[in-house]
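Visitor: What follows is a predicted protein model with its sequence.
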Amino acid sequence: MIVVAAVAVVLPFAAALVGMLFGHTVSHLLSPLARRVRKPAPGTARRGALVLARRMPANGPALIAVVPVAVSTVLTAVLAVDQLRHPASHVGTLTRVPTGTVEITLSLQVDGLASVVALLVCCVALAVQIYSVAYMRDDPRYSSYAAFVSLFTAAMLLVVLSGDLLVLYVGWEVMGICSYFLIGHYWHDRATSRAAVKAFLVTRLGDVGFLFGIFVLGLAAHSFQIREIIGRVGVMPHTALLAGTLLLLCGVAGKSAQFPLHTWLPDAMAGPTPISALIHAATMVAAGVYVVARLYPAFFFAPASLAVLGVIAAISMLGAALAALAQEDLKRVLAYSTISQLAYMAAGLAVGARDGAVFHLLAHGAFKALLFLGAGCVIVTVGSNLMSAMGGLRLAMPVTFWSMTVGFAALAGIPPASGFFSKDTILSQAWKAAHDRGTPSAGGWYASTPLTTRPAPQGQAVVLTWTVKPRHMMGAPVPHIPSWVAWLVLVTGLLTVVITAAYATRTWLVTFFGERRSAVRAREATPLMRWPVAALAVPALILGFFGLGSAELRPEWGMAVISLLCAAAGAGGVYVVWNNDPALDPVRLLGPLRPVLRAAFYLDTVYDVTIVRPVRALARLVVHADERVVDAGVEGSGRGARRLGGLLRATENGNAQAYVSGLFAGVVLIVVAVVVLT
Amino acid sequence: MTAADVVIVLLGVVAVGSGVLVVATRQLVHAALWLVVSFGALAGSYLVLTAEFVAWVQVLIYVGAVVVLLLFGIMLTRAPIGRSEDLDSGNRIVALVVAVATAAVLVTTLVRGFRSAYVPIKDRVGSGSSHTLGGSLFQTWVLPFEALSVLLLAALIGAIVLSRTDIRGAGPEPEEEDPAPRRRPAAPRGVVARRLGTAKRRTGPDDEDTIVLSRVDEEI
Amino acid sequence: MHLVYPVVIAALLFAVGVYGVLARRNAILVLMSVELMLNAVNLNLVVFDMRWADRLHGGQMLTLFVIVLAAAEVGIGLALVLLIYRNRRTVDIDRLRTLAEGDPDPDSDVGSMTDDEGVRR
């Protein structure tokens, strides 16, 4: 199994390498073949196959990008099936790197959690790669783009499957750099390159903490292997555990765009839309949540960290949802919504619903990728990111419309869709955490209950089940977090459900209903873009039902009714407002709050004033000091040496007699010295 | 103080006095003539010091050849014959200080070293005759003598090569001689070149210089 | 006879030659001064030949050699002086400043004292 996992990781990496170097060569090699395929009239072939046949063979980079990811998808599916049949945690070690103190182990660890998330990553990456073939068709740098997406996929798989924290960190950083390159794909646009730099710097800020967290945990456990660390959580000094997990939270907040470090994500929407779908919605930003889930026992024994996580999540959740309500740009709505939904997962982790959080991660990965890809179709059709230019696209783009309807339903938590189930799990766990103080004997519980998977009929969705039933209680154990944190999570969670439903409805209505606001003749996007959207709609719709097989993930009716009522209130309110005048944006009711929300509470401005400007002033000061003090010193010493040299040079005036005078004077002085001194 | 002492002091005064005039006179030709006097006085000193052969060689070569050569040099460089005020460079004060210091050091050292050294001159009479010296020269010193003859030959050829202009590379090329000012514009270079050109034209054929010089060398 | 007299005379003559070499402007006068210095050395050689009563007459032999060398030196020196004169129209030593770095104009008395190059940036 480890070999399969390793191949799944290495394949996209090789694809990135080959695509970067030989993408166009392959195009050249394949062009005769493509012509042969194109020539015979393919009357019998199905239309989609025709499109594939027309486009793919001539497009070397696309071929290189899509095929390995497809193979990786199959391999990760094999992993997931294997985990279902024989749930176990496999660790395979390639080699150990001696460092003098704690060894670094180049190892992979495959268990239920990892295989499920890996499958999600591969599915979304495959969808995005296929989608990009059409979306980036006219881009001259498609080759490097596809290679970076492949590299990103490999890095994400490494993060997911790694068995060693430092190896995980390697993948983590490679993801960061890929994100930077891909956000800055249109680097000639100044705003885009700035957004890329901002994303890079902000996430690096968190990553510093992350790296040190790894060091603290690794040194405390005398190993960087995840299994070893989790195994020694009980015997670690509590201070080290607390410090390590808090430092890890820095990286998590940076990567998953949580409250203090979230500002990069909305700006990152300047990148190509498939990138937003893959990296900034479905996978990379979820990596932070994933790492917490992977190391959950460590966090479980450091409830203070979980409390901090809960507070951060509550702030991010509500704030981002409010900001999403007032955005004009379709992609920024989705970006803030991503922050908000990631905060849901973090909140779930904070109140002990690890499986609920992972469940929501999977569901969110599916429906948010769907929403982004659908938004890409809309944007390509309309030619603008702004929702004020959209509207009335329902009839023109039926496939996109219905797929995105499923996505919005999942986002808002409307029952048949997946988001309802996963959110409900988290909220009911929060309710439990607010009342129940948990069982003190929960230690060692996680070690014996692996998370396993069962293949879905389509091979895309998975079902989560517990093979080992919780022995003495329903649901997950509750960590020892303060009850006010649980209450905070619960209340903000419910509020966020209201607002999420509101903005989802608003976006849905403004985009697809009402009058057409632009003169563009709307028509459906190309099949290569349409298919992945439609395909992602399937898991977004039905993923939730697979949670019914598990006691953990089964919705509790009380909480389900409450959250459904909340969602209905939000959606219904917006619908009523919109129905009054479909031509206007329902968000107008916010009145004076609207600009505040649109600017996301002016947090960027606050950062600008408190951090960016002082740093710039400091930088100017440093430059000034460099010019006036250091440079002056350097140049002054140069000038001084020159002047001194000029003094000496005055004797070197070319007058031979002066030279001889010096010679004689020297000889006389030496003779006098010899005579006097001897 | 013996008679020899008196004579040599007198000759020495003449030699040093005319030497001072050589370096102090305002007329170039006079300097050469005072040089003759100085060399003559020195030849007399050699006689007193029982070195007759050296004395005659001194008269022959220095007074006869070297001074004539110097006079030729004065003539060929078209030096002014009369009084000229700028024979001393700006280095005079330094030169005076250095010279006085040299003299002081040397005189102090020598006087302290040889204050009481005395040589009875009668014992040495005849020791500097041409007979004695010839025997010594062609027995003991024959090898340095031959080396010296080769050196003279080299000097002869060198002088010829230096003074003839029809030998390639004899005189420095104007471009090489030209200091080639890098930071200066072309104007000074042009001036120098023009001046060099006029110099060539004015001196004309240099054959006579060459002939004179080589003949002098042969004389030596 | 007392050695101190001729020896002191030689020293004085040498100093006079030094002064001439250092102070005179005309190259030919410098050559004359060099001759004076050589003669001072010759005088010393003869004096000490007599003092030590050398049977091989090393002192007087060396005097002869020096005289010959001086003649050769004057020949070469004059050839050089003439060459310089032919190229430069002058034999004034303090105007021949090509040894100097920088301002290479032989007519300039200032030589290379100017510092017109700014610090290179």
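Guide: Looks like it arrived, so ask away.
Visitor: What residues does chain B have near chain A?
Guide: Within chain B, the residues that sit near chain A (C-beta under 8 Å from any C-beta of the partner chain) are B:89, B:91, B:94, B:95, B:97, B:98, B:101, B:102, B:105, B:108, B:109. All C-beta atoms are positioned from the backbone trio N, CA, C, and that covers glycine.
Visitor: Could you find the closest non-adjacent residue to the third one?
Guide: For residue B:94, ignoring the flanking residues on the chain, the nearest one in space by C-beta to C-beta, 6 or more residues apart in numbering or on different chains is residue A:661 at 5.0 Å.
Visitor: Residue B:62 now?
Guide: For residue B:62, the spatially nearest residue (C-beta to C-beta, 6+ apart) is residue B:39, at 4.4 Å.
Visitor: and if you look at residue A:29?
Guide: Spatially, and ignoring its direct neighbours in sequence, residue A:29 is nearest to residue A:60 (7.3 Å; C-beta to C-beta, 6+ apart).
Visitor: ok, now residue A:217?
Guide: Leaving out its chain neighbours, residue A:217 is closest to residue A:244 (C-beta to C-beta, 6+ apart), at 3.9 Å.
Visitor: Ramachandran angles for the one you found?
Guide: phi -60, psi -50 (degrees, to the nearest 10).
Visitor: Count the residues that sit near it.
Guide: 27 (other C-beta atoms under 10 Å in any protein chain shown).
Visitor: and if you look at residue C:20?
Guide: So residue C:20, with other C-beta under 10 Å, has 27 neighbours.
Visitor: Which helix runs longest in chain C?
Guide: Across chain C, the longest stretch assigned as helix under DSSP state H is helix C:58-88.
Visitor: Which other helices and strands does that one contact?
Guide: helix B:52-57, helix B:67-76, helix B:130-139, helix B:142-163, helix B:186-203, helix B:207-219, helix C:27-52 (3 or more C-beta pairs under 8 Å, 6 or more residues apart in numbering or on different chains; DSSP states H and E).
Visitor: Any regions of chain C where pLDDT drops low?
Guide: Scanning chain C for pLDDT under 70 picks out the ranges C:101-121.
Visitor: Quick one, grab the pLDDT at the spatially most central residue of chain B.
Guide: Note on chain B: the residue nearest the mean C-alpha position is residue B:66, at 6.6 Å, using C-alpha atoms, centre = their mean. Confidence per residue is given as pLDDT, and for residue B:66 that number is 90.
Visitor: Do I have it right that it meets residue C:71?
Guide: Yes. With contact taken as C-beta atoms under 8 Å, residue B:66 and residue C:71 are classed as touching, separated by 5.9 Å.
Visitor: Which elements pack onto the biggest helix by length in chain A?
Guide: The helix spanning the most residues in chain A, taking DSSP H as the definition, is helix A:2-38. Taking 3+ C-beta pairs under 8 Å, 6+ apart as the contact definition, the neighbouring helices and strands of helix A:2-38 are helix A:47-55, helix A:60-85, strand A:90-97, strand A:104-110, helix A:112-135, helix A:142-161.
Visitor: so what does the third one touch, helix or strand wise?
Guide: Using 3+ C-beta pairs under 8 Å, 6+ apart as the contact criterion, the elements in contact with strand A:90-97 are helix A:2-38, strand A:104-110.
Visitor: List of residues touching the shortest one?
Guide: Here strand A:104-110 makes contact (C-beta atoms under 8 Å, 6 or more residues apart in numbering or on different chains) with A:1-2, A:5-6, A:9, A:79, A:83, A:89-97, A:161-164, A:166-167, A:223-227.
Visitor: Can you select the buried ones from those in ChimeraX?
Guide: To isolate in ChimeraX the members of the contacts of strand A:104-110 that are buried, counting by 16 or more other C-beta atoms under 10 Å in any protein chain shown, one can use:
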select /A:1,2,5,6,9,79,83,89,90,91,92,161,162,163,164,166,167,223,224,225,226,227
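Visitor: ok now do the residue nearest in space to the middle of chain C, which residues does it touch?
Guide: To find the centre residue of chain C, average its C-alpha atoms and take the closest one (C-alpha atoms, centre = their mean): that gives residue C:34, at 3.6 Å. Listed by C-beta under 8 Å, 6+ apart, the contact set of residue C:34 reads C:17, C:21, C:73, C:77.
Visitor: Filter those residues down to the buried ones.
Guide: Among the contacts of residue C:34, those scoring as buried are C:17, C:21, C:73, C:77 (criterion: 16+ other C-beta under 10 Å).
Visitor: For residue C:64, state which of these is nearest.
Guide: Nearest to residue C:64 among the buried ones among the contacts of residue C:34 is residue C:73, at 14.7 Å by C-beta to C-beta.
Visitor: pretty sure residue B:158 is in contact with residue C:79, am I right?
Guide: Yes. Under the contact definition of C-beta under 8 Å, residue B:158 touches residue C:79, with a separation of 7.2 Å.
Visitor: Is the residue of chain C found nearest chain A in a helix, a strand, or coil?
Guide: Minimum separation of chain C from chain A (C-beta to the nearest C-beta) falls at residue C:100, amounting to 2.7 Å. Under the three-state scheme (DSSP: H, G, I helix; E, B strand; the rest coil), residue C:100 adopts coil.
Visitor: quick check, stretch A:627-637 touching chain C?
Guide: Yes. Using C-beta under 8 Å from any C-beta as the criterion, contacts between stretch A:627-637 and chain C involve residue A:635.
Visitor: Distance from the chain centre to that stretch, please.
Guide: Mean C-alpha position of stretch A:627-637 versus that of the full chain (C-alpha atoms, centre = their mean, to the nearest Å) differs by 46 Å.
Visitor: same check, this time on stretch A:146-162
Guide: Averaging C-alpha positions (C-alpha atoms, centre = their mean) puts stretch A:146-162 12 Å from its chain's average.
Visitor: Buried ones in that stretch, by neighbour count?
Guide: Of the residues in stretch A:146-162, those scored as buried under the neighbour-count criterion (16+ other C-beta under 10 Å) are A:146-162.
Visitor: Ok, stretch A:191-209 next?
Guide: Neighbour-count burial for stretch A:191-209, counted by 16+ other C-beta under 10 Å, picks out A:192-193, A:195-196, A:198-200, A:202-203, A:205-207, A:209.
Visitor: what's that stretch in contact with?
Guide: Contacts of stretch A:191-209 with the rest of the structure, by C-beta under 8 Å, 6+ apart, involve A:172-173, A:176-177, A:179-181, A:183-187, A:247-255, A:261, A:263-265, A:267-271.
Visitor: can you give me the mean pLDDT across that stretch?
Guide: Rounded mean pLDDT across stretch A:191-209 is 89.
Visitor: name the element residue A:545 belongs to?
Guide: In this structure, residue A:545 is located in helix A:527-546 according to DSSP states H and E.
Visitor: Likewise for residue A:664?
Guide: When elements are defined using DSSP H and E, residue A:664 is found to belong to helix A:656-677.
Visitor: quick revisit: now list the buried members of the residues of chain B next to chain A.
Guide: Neighbour-count burial (16+ other C-beta under 10 Å) is assigned, among the residues of chain B next to chain A, to B:89, B:91, B:94, B:95, B:98, B:101, B:102, B:105, B:109.
Visitor: Okay then, goodbye and thanks.
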